[in-house]
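K.L.:
Pasting the sequence and the predicted model now:
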Amino acid sequence: MSPFFVMSLLFGLIFGQTASLCAPSEYTIHVEKRECAYCLAINTTICAGFCMTRDSNGKKLLLKSALSQNVCTYKEMLYRTALIPGCPHHTIPYYSYPVAVSCKCGKCNTDYSDCVRERVRTNYCTKPQKLCNL
């Protein structure tokens, strides 16, 4: 191996870690239930940002471990529960949601993350809105 190749590889690995801009970001979730009178706007944090990804055109020549498809995902999170106002007594008025404490670049875990971004996503209220700041 040439020294230039080795230096380029090391620089790419080091720069790949420092160029990742994955961090908790403020986000508003709109939650409503058909039975309840109000929509709840919840301010929380999610993991968002840029992670270095390596995908070579020569996939067949490289080991799978050399190909990296990292996403910005939760390193540490906790769950909070909010009360949706205006719900009848027979309805469960609680909604639990994740709060990002810290984030990392890593493989997407479908146990607690949505790993596919949909093209059209609605995040709005159709009922009168109440704000929840926790």
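P.N.:
That came in fine, so what should we check first?
K.L.:
Distance of V71 relative to C47?
P.N.:
Applying CB to CB, to the nearest Å, the value for V71 to C47 is 9 Å. Quick note: C-beta positions are derived from backbone N, CA and C, even for glycine.
K.L.:
Just want to know which of the two has more residues nearby.
P.N.:
Remark: of V71 and C47, C47 carries more neighbours, 24 against 18, as counted by other CB atoms under 10 Å.
K.L.:
residues touching the nearest residue to P93 once chain neighbours are set aside, list them.
P.N.:
Closest residue in space to P93, ignoring its immediate chain neighbours: C87 at 3.8 Å, by CB to CB, 6 or more residues apart in numbering. Contacts for C87 (CB atoms under 8 Å, 6 or more residues apart in numbering) come out as 33, 35-37, 93.
K.L.:
Return the set of residues that bridge with S96.
P.N.:
Listed beta-bridge partners, S96: T81 (assigned using DSSP bridges).
K.L.:
wait, it sits on L78?
P.N.:
No: with contact defined as CB atoms under 8 Å, S96 does not reach L78; the gap is 10.5 Å.
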